[in-house]
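Enquirer: whatever this is, show me its structure:
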Amino acid sequence: MSAAMDYEPAGELKIGQVGIANLRVRTLDVAKLADEMRDRVKRAPNLFARAAVVVDFGGLTRTPDVESARALVDALRDAGVLPVALAYGTTEIEQLSQQLGLPLLSKFRAQYERADAGAVESPAARREAAPEPARA
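Expert: Predicted coordinates for the structure are as follows:
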C-alpha cells in the first residue's frame, strides 16, 4: 500500500512592499532617542506601539561601536518599538548588523528633507526629471 504524497508547501513566501518606519540617528544619545520614541508611542499608540523600525546610522559621522548600538536597540525596545534591521551603509554598518543579529536592508533609506533645500532627491528621480538631449 502506498501513502499519498503531499506536494503542498507548508508555507508561502512572498516579497512585497511594506510601510516601515525609519529612525535616522543624528546624535547617538541613547537616552534622548529612547525618550523621543517613548513620547511618540504615548502620543500615537495605535500607530507606534510595537511598530517595526529600521535604524539608520547614516546621519552620524562615524559608525557606533557595538555596545552603543546594542544599548540603543535595547532602549528602543523598552520604549515600545521594535528595531528589526539596520539601513544599508558602509562595510562597518554591515559588520555592526551582524554583531547585533539584525538584518541589513540594502537599498532601504527613507528620503529626508534638508533644512536648506527641501526634499533630498534620489539619483533616479533626477534622471527622470532631466530633459532629454536634443537629437540631430
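Enquirer: mind checking the SS state of A3?
Expert: Classification of A3 by DSSP: H, G, I helix; E, B strand; the rest coil places it in coil.
Enquirer: how many residues are close by it?
Expert: A3 has 5 neighbouring residues, counting by other CB atoms under 10 Å. Backbone N, C-alpha and C define where each C-beta goes, glycine included.
Enquirer: likewise P9?
Expert: P9 has 7 neighbouring residues, counting by other CB under 10 Å.
Enquirer: ramachandran angles for it?
Expert: Backbone torsions for P9, taken as degrees, to the nearest 10, come to phi -70, psi 150.
Enquirer: V18 versus that one, what's the distance?
Expert: 22 Å (CB to CB, to the nearest Å).
Enquirer: for R70, see how far away L86 is.
Expert: 12 Å.
Enquirer: neighbour count: those two, which is higher?
Expert: Taking neighbours as other CB under 10 Å, L86 and R70 compare with L86 leading, 24 against 17.
Enquirer: just the element for the most centrally placed residue in the chain, please.
Expert: Most central in the chain under CA atoms, centre = their mean is V54, positioned 2.4 Å from the mean C-alpha point. Assignment of secondary structure by DSSP states H and E places V54 within strand 51-56.
Enquirer: just D6 next, same as before
Expert: With DSSP H and E as the test, D6 turns up in no helix or strand.
Enquirer: how about the contacts made by L28?
Expert: By CB atoms under 8 Å, 6 or more residues apart in numbering, L28 lies in contact with 60, 64, 68, 72.
Enquirer: done for today, thanks.
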